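turn this into a model:
(2 chains)
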Amino acid sequence: MLLLDDPRDGATLPLACLPNKPSGRMTAMSAAPSHALDLAHMRSERMAKLQRAMDRDGLDALLLLTSGSVLYATGAWMPAADNGRATHQRVCALVLRGEASPHLFTPYAEGAPPELPPEKLHPPLWPETDAGVEELARCVAERLGAGARRIAVDDWTMPMWLRLRKLLAPVEIGNAGALLGACRLHKTPDEQECMRRSWWMNEAASQAAEQALRPGVRMTELTGVYLRRLLELGATCNFLDPVFQIMPERIADGPWSTNGDVPFALVTGDHVARYGDVVWTDTVSSYEGYASDVGRTWVVGRPSAELRDLYLRWQEITDAVIDAIRPGATGAELVRIATRANGGKRPWLDHYFLGHTLGLEGGEPQRFGSDAGAEVDEQLVLEPGMAVVIEPVTWKEGHAGWRCEELLFVSEEGHERVSRYPNEPFE
Amino acid sequence: MSGGKPIGVMAQEDGAGVDFEALRAARRERVRAEMERRGVDVLVLGRRGNAKYVGGHRWLWRAVLTPFGPLCIFVRASGEIHLLGCTWDDGIPPEIPTERLSALTWNPHNTVAAIRRIEGLDVASRIGTDGMSPFLAEVLAELAPKAELVDGEVLMRGVRALKLPAEIDCIRAALAIAEGSLAAVVAQMRPGVTETQLAARAAEEMARFGTTLPAVEASFCSTPREGAGGGAPLRRRPSDRPLAAGDLVACSLGVLYAGYEGVATRSWPCLGPAGAPSAQQRSLHARWRAAQDALVARCRPGATPAELRKAWLDTGEPLPPLLLAHGVGMGVEPPLVDGSSRSEPQGDEPLQEGMVLAVQSHVHERGVGGYLGGETLLVTGGAPLRLSRMSDAPLGDE
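This next block holds a predicted model:
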């Protein structure tokens, strides 16, 4: 049994995994750690980045309501919940310029990181109501001090939109989104280690689901197998209803779509696997808030010769794109390389993209090959510390297709490949 | 409304027992009527519960709170519902034609184009939105130049508070799945099993019912025997500690059925082979039951959140750091009584007949541990009707 440092309380977390093998026939995959991890250090580095950005932008405070921003600024634990519940049980953060730790407003006091000073831990705020926003404004104003001029928020409830500017005047309120996005884009070594652990736990859980796949299994049963294994391995939570979709052989056999492309990712249903089915997956789990985004292609039984060809072409495209990932490469360059490797045709889904950056909670706003256009692809320049997911797709009408996601860290020298899921049954 | 007919999972051809098409129509009519009453011409909804209430559609569940973006736009005059971020018609109710779906997009120009297609915006004099972004404000200023923006969340909150009979059936179905899953997990509780392993099994048990959406992640926590400071300690984050014989374990598991929430919350003693609950554990449960019953008894029309808080304090128990009571529907809804706050910042609107409430509470005894339990109730003209069916065994009555 391998032991993983459990950063939550310094204890150890058992992981019943076998050593990793990069490829091979259904070798149980390892979720074992490869690098040291210091969560308190990670949180302090994130706070230092936020403080530098606030200094640069002349902001006196950040008031944060969205879960990703709050995770970044505080590291606070909150239970994974449906949006309809979390909206009325918000965890909020107030980051004041010049302070080494954030104020945390939470219904889950036990989720505060251990180093948070007790005076920074507060009962929850209620930004969904007028009375709640008045209380929120008092909380912010009394901590801002008299000289404050500008703050930024990452989201607006309607009572905030209608009242907060007046309540905090003459303090100006800007948007925190770009500042947070820039801070989150480049990962520190500790953040990268969280992402490795997140990804490998997800791969191991995905492999448990693949091993359960056989004719007669309902797709929602795979969800149960996947989630159970994921949590047993020590994942912090699950972020996305996992997608296990039996792919139609032809696009027209699937639901109607706005773009006529392969309809993926649909909500997992109680569809029953049959011999010869091709299943595409998409899963997002968390380790200390950091997302994995494991998507694979599985075959029930033996693959057809056509599917083998689709896999081989997918592998060529993927290898070509991965080879090009290094500092200075642009999103546009990766798009061109992928398209060239696919004989001049775009090898990704029209409603998605060739790739995106990854971080807390899931995909980040930096995408390439999306409908945002070629100019956006040109502007995305890879830099060390970025975490990039690529998701090429090959498809042939009548035979379905192949789609997998791979994670890479951009390094000074080139890249580090994190993903290592074998492409059964070809490897 | 109080019948409690058996709930199925569509294994037979006569269906689920809920006419969802009629339910969607009834919900939309309520929203339309409230828009008319408030003079709201268009509703722009981004809160998942609100969008689901009006659209009735299905999307990929994510456990994240992201910045506001519109998902569903409802035009009162035409009755048209426009869904954004919907690339295909899987999970889209058949009464919403495909020309009112706009694809997922990463390009703000496409978002503007999708909203521009909506007829009726340009003449709207009042638009309700349940959240806002500077981008949406600019778009609406351009496309609906005459419109005053008002709080759509408060409008939806009022509509959603009173439940239709079919909504109560959905909540019962969610509770049945949650209670069934929880019972199956608790049957696996024994010394040496870790809290995380129980949470992991909860996900699997839920999936056996064909349900993959938690209302909130399942929690199994051995309750601390020693109090910290003045308050009763309450843990909700499962850890890797193995359970020991004699631990009192607070368990909570919640699922969504057709968007409606059902949460089962109870505490169980971890017993070894041939073990039996201790007299102190039974006595702690009896204390919880008495205090919980006092709180439940107060859940009648006219009672305010402040009065519910007082009903709990009158039992002599300290306020637990959780929501003592909240509305249940598509998620957590007001009225909220929050034990971790001193007052009711969410407002003090009284209960009304037809609301569904979750009432949960926690008591603690030094040296014994804590008892966390919750029940879901329908507020009726008289005594509240319990929709939860879980028994108090093995600490109390079957």
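
residues contacting the closest residue to residue A:304 other than its chain neighbours?
Closest residue to residue A:304 in three dimensions, ignoring its sequence neighbours and counting by CB to CB, 6 or more residues apart in numbering or on different chains: residue A:399, at 6.2 Å. Heads up, the C-betas are built off the backbone N, CA and C, glycines and all. With CB atoms under 8 Å, 6 or more residues apart in numbering or on different chains as the criterion, the residues that contact residue A:399 are A:249, A:304, A:306, A:307, A:310.

can those residues go into JSON lines with extra columns for distance to residue B:89, secondary structure and pLDDT?
Shown next, in JSON lines, are the contacts of residue A:399 (distance: CB to CB, whole Å; DSSP: H, G, I helix; E, B strand; the rest coil; pLDDT from 0 to 100):
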{"residue": "A:249", "distance to residue B:89": "19", "secondary structure": "coil", "pLDDT": "95"}
{"residue": "A:304", "distance to residue B:89": "29", "secondary structure": "coil", "pLDDT": "94"}
{"residue": "A:306", "distance to residue B:89": "28", "secondary structure": "helix", "pLDDT": "97"}
{"residue": "A:307", "distance to residue B:89": "27", "secondary structure": "helix", "pLDDT": "97"}
{"residue": "A:310", "distance to residue B:89": "26", "secondary structure": "helix", "pLDDT": "97"}
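
just name the shakiest helix or strand of chain B by mean pLDDT.
Counting by mean pLDDT, DSSP states H and E, the weakest-scoring helix or strand in chain B turns out to be strand B:331-338, with a mean of 91.

skip ahead from that strand and say which helix or strand is next.
Per DSSP states H and E, the first helix or strand lying C-terminal to strand B:331-338 is strand B:356-365.

CA atoms of that following strand as PDB?
The C-alpha coordinates for strand B:356-365 follow below in PDB (Å, rounded to 0.1, in the frame of the first residue of the first chain):
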ATOM      1  CA  VAL B 356     -41.900  22.500   1.900                       C
ATOM      2  CA  LEU B 357     -39.200  22.900   4.600                       C
ATOM      3  CA  ALA B 358     -36.200  21.000   5.700                       C
ATOM      4  CA  VAL B 359     -35.800  21.200   9.400                       C
ATOM      5  CA  GLN B 360     -32.500  19.900  10.800                       C
ATOM      6  CA  SER B 361     -30.900  20.200  14.200                       C
ATOM      7  CA  HIS B 362     -28.000  18.900  16.300                       C
ATOM      8  CA  VAL B 363     -27.500  18.300  20.000                       C
ATOM      9  CA  HIS B 364     -24.300  17.400  21.800                       C
ATOM     10  CA  GLU B 365     -23.400  15.700  25.000                       C
END
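
near chain A, anything from it?
No: on the criterion CB under 8 Å from any CB of the partner chain, strand B:356-365 is out of touch with chain A, staying 10.6 Å away.

same for that strand, what does it pack against?
helix B:165-186, helix B:279-297, strand B:323-329, strand B:369-378 (3 or more CB pairs under 8 Å, 6 or more residues apart in numbering or on different chains; DSSP states H and E).

would you list these in CSV and tack on mean pLDDT and distance to chain A?
Below are the helices and strands packed on strand B:356-365 laid out as CSV (pLDDT from 0 to 100; distance: least, CB to the nearest CB, whole Å):
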stretch, mean pLDDT, distance to chain A
helix B:165-186, 96, 10
helix B:279-297, 97, 19
strand B:323-329, 96, 7
strand B:369-378, 97, 13
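
include mean neighbour count when you put these into CSV, please.
Shown next, in CSV, are the helices and strands packed on strand B:356-365 (neighbours: other CB atoms under 10 Å in any protein chain shown):
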stretch, mean neighbour count
helix B:165-186, 23
helix B:279-297, 17
strand B:323-329, 25
strand B:369-378, 25
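
could I get these as a markdown table with distance to residue A:296?
Listed next are these as a markdown table, based on distance: least, CB to CB, whole Å:
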| stretch | distance to residue A:296 |
| --- | --- |
| helix B:165-186 | 27 |
| helix B:279-297 | 46 |
| strand B:323-329 | 36 |
| strand B:369-378 | 38 |
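
so which two of the contacts of residue A:399 are the farthest from each other?
Largest separation among the contacts of residue A:399 by CB to CB: A:249 and A:310, giving 11.8 Å.

got any residues that touch both of those two?
Contacts common to residue A:249 and residue A:310, judged by CB under 8 Å, 6+ apart, are A:399, A:400.

which SS class is the residue of chain A found nearest chain B?
Using CB to the nearest CB, the closest approach of chain A to chain B is made by residue A:84 at 2.1 Å. Local secondary structure at residue A:84 is given as helix here, using DSSP: H, G, I helix; E, B strand; the rest coil.
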